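Peer 1: Sequence and predicted structure, then a few things I'm wondering about:
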Amino acid sequence: MKQGISCPKCGASNTIGYQFCGVCGEGLQTTCPVCDGIVESTFRFCPSCGAGIGWGMRLLRDMQSQLAQTEEVLRKMITQYSSDIQSQIAQTKDGLESMETQYSSEIKSQSALLNQAVSGIFKLVGEKHRGSMSKALNKGGTGLVGLGLGVIVLSYTPANLPNLAAIGVIVIASGFLLQIISSFVKS
């Protein structure tokens, strides 16, 4: 008659030395937590060192194994997401640099056009009237800024006219532009 070991899960009889149950696949052996010797899963004590092997020790081993697996999964996720985040940062940086280059060239282009316009004004007015024209433009620009602020304030009256506020902003921008032109005319 063959000796057998009963499966702790399904109770099927298995040949001694088998690692897993032939019926349900449950592990039939465990490792002693003290001496690391192989112990049949139904034993309560390690035959090598006498340490307790009860279900609590098996549960502890299972939990340690699951913890190690979870830790490995988390490490992989951190590695994956870290590279994803670094990639997104690099793309954002490249995009910002591209925008900076684009807008920088547009600003230079607009500045060149403004300088051409001022040069044209100089030719029309002549060197003789440059100072008085600069003062007049500056004064007109200041007046437009004040007018724009007044229009914005009026837009917040009980009638609450939001379109009036937009007009005020445009008037203020025009005033600032005149003041900028006056500084070019002055120099």
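Peer 2: All right, it came through fine. Residues are numbered from 1 along each chain as shown.

Peer 1: so how far is stretch 11-25 from its chain's centroid?
Peer 2: 52 Å (C-alpha atoms, centre = their mean, to the nearest Å).

Peer 1: what's the span of it, first residue to last?
Peer 2: One end of stretch 11-25 to the other measures 12 Å (C-alpha to C-alpha, to the nearest Å).

Peer 1: tell me which residues in stretch 168-178 are buried?
Peer 2: 168, 171, 172, 174, 175, 178 (16 or more other C-beta atoms under 10 Å). All C-beta atoms are positioned from the backbone trio N, CA, C, and that covers glycine.

Peer 1: Quick check, pLDDT for the residue lying closest to residue 143 once chain neighbours are set aside.
Peer 2: Among residues not flanking residue 143 along the chain, residue 175 sits closest, at 7.0 Å (C-beta to C-beta, 6 or more residues apart in numbering). The model reports residue 175 with a pLDDT of 75.

Peer 1: Residue 175: which element?
Peer 2: helix 162-186 (DSSP states H and E).

Peer 1: centre of the chain versus the one helix or strand residue 96 maps to, how much separation?
Peer 2: Per DSSP H and E: residue 96 is located in helix 55-125. Computed by C-alpha atoms, centre = their mean, the separation of helix 55-125 from the middle of its chain amounts to 7 Å.

Peer 1: Kindly report the same for stretch 19-28.
Peer 2: With C-alpha atoms, centre = their mean, you get 48 Å for stretch 19-28.

Peer 1: what does it rub up against?
Peer 2: 5, 7, 8, 9, 10, 12, 14, 18, 29, 40, 41 (C-beta atoms under 8 Å, 6 or more residues apart in numbering).

Peer 1: Recalculate using a threshold of 6 Å.
Peer 2: Residues outside stretch 19-28 that contact it (C-beta atoms under 6 Å, 6 or more residues apart in numbering): 5, 7, 9, 10, 12, 14, 18, 29, 41.

Peer 1: go on, stretch 4-15?
Peer 2: Under C-beta under 6 Å, 6+ apart, the answer for stretch 4-15 is 16, 21, 22, 23, 24, 26, 28, 40, 41, 42.
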